[in-house]
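Visitor: Okay, structure incoming, though there's no sequence with it:
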Ligand code: ADP
Ligand code: ZN
Ligand code: ZN
């Protein structure tokens, strides 16, 4: 009698839509365990997705696994999720699964982890106060301030304050200012915060949602900034955690996961283990947190998009904050939308999901408000600010056609800023990042600096006297004369954040101005630094892009100036006005959150445009309903479902041939799906690659998915596919 073969079906991180067979001599292997296997000349880690006693592979060629790790890293629910994602987004199962494995596991070794500590101020420190610290020790001060705010901070929060936090912590330790404690699961003491009683609308939202807490239901919680959505989430979480073992997942946009938010949750959930999952954790931290969730020990997981895949055996509620935020969509690899995956997960685990936002995506708005029997989401509103005496800012448009704009600023806006400076309040000048970078222009022949590898203009960085491509990173010295005609009169045109800063310095030499953009806040430390400075009133005028528009509180900010947003009104992207509205609404929400009345000035050539009319009256509903009508006429999302095939290669002819073949194939596969001609995107060339794309559109998701099944396998087998890099993006957000 021969022994039965133990064959493991292993999912690997390779771009092939299949699993691989390996032999093992361990009969007790379980699905979800991870293994190290030989793959060609390499070793790879993989996950066991099936066990069998047969294989189609000849026994000579069948290889054995190298190592089996005892840890089961995914449960059955997780597999359902992976299978759904792999099918829906047409991405190989192995790559789907491996994108959700913490990278620490992927490094083929998992040594014991260092101890973790939490830090807090000593009573002595609290008594002495920040002002008694030695002068000019800004990092020390920031750490102390953050500790005053949060009571307890862990290493990742400290690191986000400064990369040199360790040194500062040592100094504070020597001064007797702080104490540390080892992280354990249930010994936490955060400052007690006053718990507000819910207002009527909050109570209604809570009651309605709680009624469904045993089964699947999707809810839109539509509430203006500051209306108390987070308070409702907290109550719902409290309610959910009353059930023994229950776990809750809270998804937030990356930029919103600040120590402030974390500490707000911690202080309200002292009894429970709470972990965060986001890209600023070290691999070790991430793995520890992920394991706590997987073992059921972490009752609350707050994380960014990837955490939607975290195995949680007793998941009972999912919350998505800022549901509309584009950062929930992953733009590479597995191109999933965490909101949609979360909805699938909630359905599959039969639990409620709550999506909160001030400006729902039109897709969600549609699902929550359409009246037909096809309405998918429950709909709840919070219509006023939760804190007494805090009101919405007044929004005014400044007609730039009727005003003498000097270097981007109308006199009204300048006066408004001056007024704030007198009152010792803060102003924020907001610019839309897209397309507002200054380019170098020749006054005689109209030459502009262009990138050789991308179809983009080079951006002027005046301080460093350099020209840079913001797409591929190409960097060159600013020329002193025009490369085309030799003229020496070259000048930057277009409003960049740097030029706005220069201009404001001329107007207000005495003001403390801080410019925030991609360049100046690459790290989370820098961003956190900024929040503390604002809170500490070390800044009078803040200049920034959309990264500032999200949910942060600036208590002394009372003026927002929006300059030059008009370009978004002509954008070819059908989502541009939806985004602009949501951005302006969010950024307006920054003004006047405490007891100071806020004002927003929007400079525009179209002061009567419906988008501004809606903003002035804070009327998202009307605006969204108008947009829905337009989308319906144009047969766009949410009335139609779209798929984008993007392709690139060194030679345009290859790209076009590939796309033309793909188009013909798609046309043959289905009559229910509209197949558009290949076109070049706005960015025709990127990093030396020629690009083109085509769009599929259908009224039926089922018909579209059916076509994709055959089409994607066809594309994978297409010979040209070896020369052409291509990706399929299901429900694309950007074109
Ligand atoms: P959102 O999440 O909608 O922006 P938050 O939940 O953060 O709103 O609430 C904004 C502010 O109002 C917070 O400072 C919060 O503590 C406070 N708040 C929330 N609900 C109430 C309430 N019912 N009564 C008093 N203050 C409240
Ligand atoms: Zn010239
Ligand atoms: Zn470039």
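Guide: That came through, no problem. Quantities reported herein were computed from a predicted structural model and do not represent experimental measurements. Ligands and ions are numbered 1, 2, ... in the order given.
Visitor: What residues sit buried inside the helix or strand where residue 203 lies?
Guide: Using DSSP states H and E, residue 203 maps to helix 200-211. Buried residues in helix 200-211, counted by 16 or more other Cβ atoms under 10 Å: 201, 202, 205, 206, 209. (Each C-beta comes from the backbone N, C-alpha and C, glycine too.)
Visitor: Just send those residues back as TSV, with pLDDT and distance to ligand 1 too.
Guide: Converted to TSV, the buried residues of helix 200-211 look like this (pLDDT from 0 to 100; distance: Cβ to the nearest ligand atom, whole Å):
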residue	pLDDT	distance to ligand 1
201	96	9
202	97	6
205	97	11
206	97	11
209	95	15
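Visitor: Can I get these in CSV including distance to residue 277?
Guide: Below are the buried residues of helix 200-211 laid out as CSV (distance: Cβ to Cβ, whole Å):
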residue, distance to residue 277
201, 31
202, 28
205, 26
206, 26
209, 24
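Visitor: need the next SSE after whichever strand or helix holds residue 82, C-terminal direction.
Guide: Here residue 82 sits within helix 76-89, counting by DSSP H and E. Proceeding N to C from helix 76-89, the next assigned helix or strand is helix 93-99, under DSSP H and E.
Visitor: Provide the contact partners of that following helix at residue level.
Guide: 11-19, 45-47, 49, 74, 82-83, 85-86, 89, 106, 306, 333-334 (Cβ atoms under 8 Å, 6 or more residues apart in numbering).
Visitor: Any chance of a PyMOL selection covering the buried ones in these?
Guide: To isolate the buried ones among the contacts of helix 93-99 in PyMOL, judged by 16+ other Cβ under 10 Å, type:
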select buried, resi 11+12+13+14+19+45+46+47+49+74+82+85+86+89+306+334
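Visitor: and the contacts of helix 93-99, which of them are in helices?
Guide: If you go by DSSP state H, those have 82, 83, 85, 86, 89, 106 in helices.
Visitor: quick check: mean pLDDT across stretch 418-432?
Guide: For stretch 418-432, the mean pLDDT works out to 91.
Visitor: tell me which residues of that stretch are tucked away?
Guide: Of the residues in stretch 418-432, 420, 421, 425, 426, 427, 428, 429, 430, 431, 432 count as buried by neighbour count, 16+ other Cβ under 10 Å.
Visitor: Which residues does the helix holding residue 203 contact?
Guide: With Cβ under 8 Å, 6+ apart as the test, helix 200-211 has contacts from 198, 217, 219, 221, 223, 227-228, 231-232, 235-236, 239, 352, 354, 378, 380-384, 386.
Visitor: centre of the chain versus that helix, how much separation?
Guide: Put simply, helix 200-211 sits 28 Å off its chain's centre (Cα atoms, centre = their mean, to the nearest Å).
Visitor: helices or strands next to whichever helix or strand comes after that helix in the packing?
Guide: Next helix or strand after helix 200-211 toward the C-terminus (DSSP H and E): strand 217-223. Strand 217-223 is packed against helix 200-211, helix 229-241, strand 352-357, helix 362-369, strand 378-382, with contacts defined by 3 or more Cβ pairs under 8 Å, 6 or more residues apart in numbering; DSSP states H and E.
Visitor: Straight-line length of stretch 333-342, end to end?
Guide: Here the two ends of stretch 333-342 are set 18 Å apart, with distance taken as Cα to Cα, to the nearest Å.
Visitor: What of stretch 360-377?
Guide: Termini of stretch 360-377 sit 12 Å apart (Cα to Cα).
Visitor: which residues sit against it?
Guide: Contacts with stretch 360-377, where a contact means Cβ under 8 Å, 6+ apart, come from 218-220, 222, 323-324, 339, 355, 357, 378-379, 578, 620, 624-625, 627-628, 631, 637-638.
Visitor: Which among those residues count as buried?
Guide: Looking at these with 16+ other Cβ under 10 Å, the buried ones turn out to be 218-220, 222, 323-324, 339, 355, 357, 378-379, 578, 620, 624, 627-628, 631, 637-638.
Visitor: any residues touching the helix holding residue 82, and which ones?
Guide: For helix 76-89, the external contacting residues (Cβ under 8 Å, 6+ apart) are 31-32, 49, 74, 91-93, 96-97, 100, 309, 311, 313, 315, 334-336, 341, 344-345, 348-349, 705, 728, 730.
Visitor: what residue ranges in the stretch 101-250 of the chain are flagged as low confidence?
Guide: Scanning the stretch 101-250 of the chain for pLDDT under 70 picks out 104, 106-116, 182-193.
Visitor: which residues of it fall in strands?
Guide: Ranges of strands within the stretch 101-250 of the chain are 117-121, 153-154, 178-182, 217-223, 247-251, based on DSSP state E, counting those that start in this stretch.
Visitor: Of the ones you listed, which stretch is the most buried?
Guide: strand 247-251 (a mean of 26; mean count of other Cβ atoms under 10 Å).
Visitor: close to ligand 1, is the following helix or strand past that one?
Guide: Sequence-wise, the next helix or strand downstream of strand 247-251 (DSSP H and E) is helix 259-268. No: Helix 259-268 stays clear of ligand 1 (Cβ under 6 Å from any ligand atom), getting no nearer than 7.9 Å.
Visitor: Up against ligand 1, what does this structure have?
Guide: Counting by Cβ under 6 Å from any ligand atom, the chain sits next to ligand 1 at 196, 198-199, 202, 223, 225-231, 386-387.
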